[in-house]
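Participant: Would you be able to build a 3D model of this:
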Amino acid sequence: MFKKTTLILCITSLAVLAGCNKLTEDNYSKLKMGMERKEVERIFGSPKECQSAFKATNCSWQEGEASLQVQFVDSKVLSYFGNKIK
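Facilitator: Okay, the predicted model is just below:
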C-alpha cells in the first residue's frame, strides 16, 4: 500500500512540475505586437529581470535553456525574441 501511494504522489508531482513550464511554443505563439504588458505577464508570469530607459522597458524570462526577451514601449510589446523555446 505504501509503495502504491508513494508512486501516485511521485507521478502527480511530476505532472504538476511539468505543467509549470511557461516558455513553450504554444505560449510564444500567443505573443503579438502591441500586446499589453499585463497580458504578457499573465501568459509567462513575472519576468526574471526588467531594465528601463526612457519609455522603453526590456524584460526577460528564463526557464532552463529557454529564454524570452520582450521590449515594451508605453507598456505595449514593441519587439520580442525567444531562444530554445520548445
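Participant: From here on, just use CA atoms for contacts and neighbour counts.
Facilitator: Noted.
Participant: which element is Gln62 on?
Facilitator: Gln62 is located in strand 56-63, with elements delineated by DSSP states H and E.
Participant: Okay, buried residues for that strand please.
Facilitator: 56-62 (16 or more other C-alpha atoms under 10 Å).
Participant: Confirm for me that Lys76 is in contact with Glu39.
Facilitator: No. Lys76 is beyond contact range of Glu39, at 9.5 Å (criterion: C-alpha atoms under 8 Å).
Participant: Name the residue in these two with the higher neighbour count.
Facilitator: Each of Lys76 and Glu39 has its neighbours counted (other C-alpha atoms under 10 Å); Lys76 has more, 20 against 13.
Participant: Dig out what that one forms beta bridges with.
Facilitator: Lys76 has these beta-bridge partners by DSSP bridges: Glu36, Val73.
Participant: measure it to Asn21 for me?
Facilitator: Here Lys76 is placed at a distance of 24 Å from Asn21 (C-alpha to C-alpha, to the nearest Å).
Participant: low pLDDT regions in the protein?
Facilitator: Applying pLDDT under 70 to the chain flags the ranges 1-19.
Participant: ranges for the helices of the protein?
Facilitator: Remark: helices assigned in the chain by DSSP state H are 2-18, 25-28, 37-44.
Participant: What residues of the second one count as buried?
Facilitator: Put plainly, it is helix 25-28. Tyr28.
Participant: Outside of it itself, list whatever touches it.
Facilitator: 43-44, 82, 85-86 (C-alpha atoms under 8 Å, 6 or more residues apart in numbering).
Participant: Which two among these are spaced furthest apart?
Facilitator: Ile43 and Lys86 (15.4 Å; C-alpha to C-alpha).
Participant: Mind checking which of the two has more residues around it?
Facilitator: A direct count of neighbours by other C-alpha under 10 Å for Ile43 and Lys86 places Ile43 higher, at 15 against 11.
Participant: Can you give me the neighbour number for Leu31?
Facilitator: 17.
Participant: my guess is it contacts Val40, does it?
Facilitator: Yes. Between Leu31 and Val40 a contact is recorded at 7.2 Å, counting by C-alpha under 8 Å.
Participant: circling back: ok, residues contacting the strand holding Gln62?
Facilitator: Against strand 56-63 from outside (C-alpha under 8 Å, 6+ apart): 21, 23, 44, 46-52, 67-75.
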